[in-house]
Structures are given as C-alpha cells and as structure tokens.
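sequence first, predicted coordinates after that:
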Amino acid sequence: MSFDPLESAEAGNDSREAWGAGEGPQVFSVSEVTRVVRGVIESALGVVWVEGEVSNYRKQASGHQYFTLKDAQSQLSCVLFARGGSWRKQVPLADGMQVQVRGALTVYEARGQYQLNVQLVQAGGAGLLQAKFEALKRKLDAEGLFDPARKRPLPRFPATVALVTSPTGAALRDILNILERRAPWLRVLVSPVRVQGAGAGKELAAAVAELNQAESLGLPRPDVLVVTRGGGSMEDLWEFNDESLARAIAASQIPVVSAVGHEIDFTIADFVSDLRAPTPSAAAELVAPDTGELLRRLGQTQAQLQRSVLLVLERVKNRVAYLSRAALFSEPTRRLDAAAQRLDLAQEALGRAARDRVSREGRRVGDLFAVVRAHRPDQLIGLRRQQLDALERRLAGAVRQRLAERQQRLQRGGDMLRLLAPQTVLERGFSITTLADGRLIPSVKGLVAGTQLITRLSDGTVESVVGEIR
C-alpha cells in the first residue's frame with residue numbers, strides 16, 4: 001500500500017496549511033507533528049492482522065497487557081487493554097509464542113511511537129497447529145482411542161514386518177540396516193507413501209488399511225506394522241496428526257508401532273498406536289529380536305536342561321539301586337509261592353468236589369433205576385431215559401462250567417500276584433532302598449550324611465552312602 005503523507009495530512013488535519021504555506025517555513029510543535037502522523041497511520045491502515053513472535057511481554061495490575069511482536073527484520077509494539085474482562089477470553093500470551101493479532105494501528109502520542117491496539121489474539125503458525133493438535137487429542141481421547149486397555153503387545157518373534165514410510169527417507173535405510181543386523185531371517189514389506197505435505201495423512205491411513213488386507217492382495221500378512229519417518233519441524237510432522245490416520249491405526253487388526261521424528265516429538269499417531277518408539281531406529285530394535293541374544297539364551301537353557309536331566313537320572317539310579325537291595329523283594333516271592341500252593345490245593349478240592357457230586361448223582365440215578373425196575377413202569381422208561389440223559393448232560397456241563405470258573409479266578413489271582421510282585425516292579429524300572437540292616441526307609445527324615453544304603457534293582461544291588469539330603 002502507498003500513500004502521500006502530505007496529502008493525507010491535508011485531508012484530515014487542522015494543521016494542513018502549515019506544511020509549506022506562507023513565505024517562510026512554519027515551525028510546529030512535537031504534539032502537532034505527532035497528531036499528523038497518527039492521523040495518517042490510522043486513516044491509511046485502520047484495522048489490520050499481524051503475525052509475529054511475542055517478546056517483552058508484561059501484564060500490569062490494571063489487566064492491560066504490553067508486548068512486542070517481532071520477526072526476523074522488525075518489531076511492533078502492541079497493547080491489549082482490559083475492557084470489561086474481554087481479555088480473559090484471549091489466548092494466554094507468553095514470550096516466544098507465535099500469534100496472529102487483530103487491531104488498530106495508531107500512534108501513542110506521549111512517546112511518539114506507533115503501536116497496535118490489539119482487539120483479538122489467536123495462535124499463529126506452530127501455535128495454531130498446537131491448538132489443533134490439542135483439540136484432536138482431546139476428541140480422540142474422549143472416544144477411548146488412547147485407552148491403554150485396547151493396546152496390544154507386540155509378537156516376540158514376528159515373521160513379517162511392514163513399514164509404512166517414504167521410500168527415499170533416511171528412516172527406511174536405518175530400519176532396514178538394523179533389521180538385517182538383528183534378524184536377517186525377517187521378511188520386510190515396504191508400503192511407500194508420502195510422509196509430508198497436504199494429503200500425506202490420507203495416504204498413510206490408506207496404507208495401514210491396505211496392509212490389513214495384505215492376504216487378499218497376494219502378500220504375506222504382517223505380524224506388526226511400523227508407521228515411521230525421520231525428524232522435522234512440527235509442520236513437517238503434521239500429517240501424522242491426521243484424524244483419518246489415527247482411526248485407521250485404531251481399527252488395525254495388526255499391532256502398530258509409531259516411530260515419528262525424534263524422542264521429543266509427539267504426534268496423534270503415537271498416542272493411538274499400540275507402541276510408540278522414540279525414533280525409527282528404536283522401532284526396529286523393538287520389533288525384531290536380537291538373534292545373537294536368542295542364541296545365547298538358548299545355549300543357557302540347553303545347558304540348564306542337561307544338568308536337570310542328569311540330576312534326575314542320578315536320583316533314579318540311586319533309588320533303583322536302593323530298592324534292588326531291599327528285603328521287600330524277597331517277600332513277594334514267598335507270597336507268590338504260597339499263592340501257587342493254595343491254587344494247587346484249590347484245584348484238588350475242586351476235583352474232589354466234582355467227583356463227589358458225580359458220585360452222588362450216580363447213586364441217585366442208580367436209585368431211580370431201582371425204583372423203575374421195581375415198579376416196571378414200561379410206559380415211562382423211554383421218557384425217564386431221556387430225562388436222565390438230559391440231566392447227565394446238564395450235570396456234566398455244570399461241572400465243566402464250575403471248573404472253568406474256578407480256574408479263571410485262580411488264573412486272575414495268579415496274574416495279579418505276578419503283576420504286583422516286587423521283581424516285576426523292579427523290571428519296570430523301580431528300585432527299593434533299605435538301610436544296611438535291611439530296614440526299609442519310608443522317608444528322608446532321620447537320615448544323616450554317611451548312612452550306608454543298599455538299593456536293589458531288577459538285576460542286582462548297589463551300595464551307597466548318604467551325602468547331601470535335599
């Protein structure tokens with residue numbers, strides 16, 4: 001905007017004739033000149049919007065606020081008057097803030113300096129972005145998208161990792177180098193997107209949604225997603241505060257790691273992701289297990305397992321040796337012999353009982369024949385003979401059945417005795433341990449170091465001495 005100070009003064013000032021009128025130069029007072037300048041400025045510019053950085057901020061007891069707006073080349077004095085408490089609705093001011101102010105440009109005549117009488121203050125530049133950031137953060141937090149309860153742990157041993165980032169950025173190179181070093185067997189999918197500029201947030205959101213459908217595209221399903229880029233200003237990282245990206249991450253069926261900028265940078269994507277990594281390199285270390293560390297831990301576990309197995313085998317060996325020397329193993333043999341003898345006696349008794357029964361039935365048949373012969377019932381002889389034959393068959397069958405049942409019972413008893421015999425138990429891998437005098441040891445209580453023990457196995461005995469009792 002260009003204007004002629006003299007013309008403006010002639011249009012709006014009572015002292016306009018003083019500039020060049022008369023035969024000689026007219027001398028004006030400072031107040032008169034200042035009023036002319038004030039009229040020129042107010043009529044030429046009026047109400048304006050100005051953006052700059054707040055400095056020299058001070059607030060008076062009256063509530064009036066004084067500060068300077070500056071940029072790289074210039075500065076402008078500003079005053080925000082407390083009128084009716086309306087200043088309380090303004091953005092709180094502080095040195096270093098980037099703001100946009102609306103006000104009337106004028107001249108403070110007492111000092112002869114021009115200033116801006118501020119009417120409205122709003123966040124400007126990074127401040128405005130920060131306000132938008134906080135508003136979206138509050139909205140999504142109220143919806144529960146930041147709730148720790150909905151965040152999922154990362155898989156310990158992922159097979160496939162997907163990277164959503166710029167294909168030309170340093171973040172991608174750093175992550176690939178670390179993944180190659182820590183887990184060279186890991187499969188990596190790269191979804192190339194823009195990570196800066198208008199619309200990049202929508203591309204990031206689309207990539208997250210697309211990777212959740214990787215199988216339908218003929219790609220392996222990722223076990224974890226990493227949304228990442230390198231450092232930059234708040235404006236550079238702003239697309240990671242996109243609401244559509246936040247909702248895509250929240251809807252992801254695959255755990256998502258956010259690694260945006262440096263450790264001091266925070267974005268909405270960091271809050272909604274399942275895990276925030278302070279840097280892209282840190283994200284690579286979080287998602288990929290260290291192969292060297294895994295091999296070291298595997299070796300430790302293997303050695304520990306071998307020691308445990310050897311210890312168990314040694315204990316079993318000692319117990320078998322103890323049992324093999326125990327007197328308990330001779331007792332079952334005697335019991336088995338006694339049972340076999342009782343079985344023989346039972347068989348003899350069963351034979352005698354059967355013979356007695358046959359003899360009795362034979363005598364009864366003889367008596368019946370005698371009765372028949374005495375009464376000469378010729379008409380009933382054929383019938384009685386048939387009945388007698390049937391009775392003999394039933395008798396013989398009953399005797400055989402009874403004998404078979406007794407034999408089966410005896411056989412089962414013998415099988416059970418043989419199954420429970422100590423020798424059989426030893427042959428299954430057990431042992432019996434006694435003191436040197438043959439007494440059984442029901443518990444480790446009462447044993448002391450140096451006590452002589454005898455362990456019986458299936459094929460011999462082993463002598464040992466108590467060392468340490470556990």
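Ah, there it is.

residue contacts, Ser431?
The neighbourhood of Ser431, defined by CB atoms under 8 Å, 6 or more residues apart in numbering, consists of 316, 319-324, 455-457. C-beta coordinates here come from the backbone N, C-alpha and C atoms, glycine included.

what about Glu285, neighbour count?
The number of residues packed around Glu285, counting by other CB atoms under 10 Å, is 16.

equivalent analysis for Pro280, please.
Look at Pro280: counted by other CB under 10 Å, it has 27 neighbours.

give me the spatial nearest neighbour of it, chain neighbours excluded.
Take Pro280 and drop its neighbours on the chain: the residue closest to it by CB to CB, 6 or more residues apart in numbering is Ala171, 3.9 Å away.

packing partners of the helix or strand hosting that neighbour?
In this structure, Ala171 sits in helix 170-182 according to DSSP states H and E. With contacts defined as 3 or more CB pairs under 8 Å, 6 or more residues apart in numbering; DSSP states H and E, helix 170-182 has these neighbours: strand 160-165, strand 187-192, strand 224-229, helix 280-287.

try it again at 10 Å.
The contact analysis (3 or more CB pairs under 10 Å, 6 or more residues apart in numbering; DSSP states H and E) places helix 170-182 against strand 160-165, strand 187-192, strand 224-229, strand 256-260, helix 280-287, helix 291-324.

quick one: mean pLDDT for the helix ranked longest in the chain?
Among the elements of type helix in the chain, defined by DSSP state H, the one spanning the most residues is helix 330-375. When pLDDT is averaged over helix 330-375, the result is 81.

list the contacts for the residue nearest to Pro280?
Contacts for Ala171 (CB atoms under 10 Å, 6 or more residues apart in numbering) come out as 163, 165, 195, 226, 228-231, 259-261, 279-281, 283-284.

tell me which of these is nearest to Gln213?
For the contacts of Ala171, the minimum distance to Gln213 (CB to CB) is 16.9 Å, reached by Leu163.

the closest one touches Val188, doesn't it?
Yes. With the criterion set as CB atoms under 10 Å, Leu163 and Val188 qualify as a contacting pair; they are 6.5 Å apart.

strands of the protein, start to end?
When assigned using DSSP state E, the strands of the chain occupy the ranges 47-59, 65-70, 75-80, 98-108, 113-123, 160-165, 187-192, 224-229, 256-260, 275-276, 432-435, 452-457, 460-465.

dump those into CSV; add mean pLDDT and distance to Gly413 as well.
What follows is those, written out as CSV (pLDDT from 0 to 100; distance: least, CB to CB, whole Å):
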stretch, mean pLDDT, distance to Gly413
strand 47-59, 90, 105
strand 65-70, 93, 108
strand 75-80, 93, 110
strand 98-108, 88, 101
strand 113-123, 87, 98
strand 160-165, 94, 65
strand 187-192, 94, 67
strand 224-229, 94, 66
strand 256-260, 93, 71
strand 275-276, 94, 69
strand 432-435, 85, 24
strand 452-457, 86, 26
strand 460-465, 87, 30
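
how about TSV for the ones you listed, with mean neighbour count added?
Written out in TSV, the entries for the strands of the chain read as follows (neighbours: other CB atoms under 10 Å):
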stretch	mean neighbour count
strand 47-59	15
strand 65-70	20
strand 75-80	18
strand 98-108	18
strand 113-123	17
strand 160-165	25
strand 187-192	17
strand 224-229	27
strand 256-260	27
strand 275-276	18
strand 432-435	22
strand 452-457	21
strand 460-465	14
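
which of these sits closest to Gly39?
Checking those against Gly39 by CB to CB gives strand 98-108 as the closest, at 8.8 Å.

quick one: list the elements packing against that closest one.
Taking 3+ CB pairs under 10 Å, 6+ apart as the contact definition, the neighbouring helices and strands of strand 98-108 are helix 30-44, strand 47-59, strand 65-70, strand 75-80, strand 113-123, helix 126-142.

from Arg342, how far out is Arg409?
12 Å (CB to CB, to the nearest Å).

Leu186 now?
Between Leu186 and Arg342 the distance, using CB to CB, works out to 74 Å.

between those two, which one's more packed in?
Taking Leu186 and Arg342 together and counting by other CB under 10 Å, Leu186 has the greater number of neighbours (19 against 12).

before we move on, the earlier item: out of the helices and strands packed on helix 170-182, flag the one nearest Ala390.
Once the helices and strands packed on helix 170-182 are compared by CB to CB, helix 291-324 is nearest, at 59.1 Å.

remind me which residues of this structure are low pLDDT?
1-24, 84-90, 124-128, 326-331, 333, 372-380 (pLDDT under 70).

domain parsing for it?
5-122, 133-289, 332-424 (automatic domain parsing).
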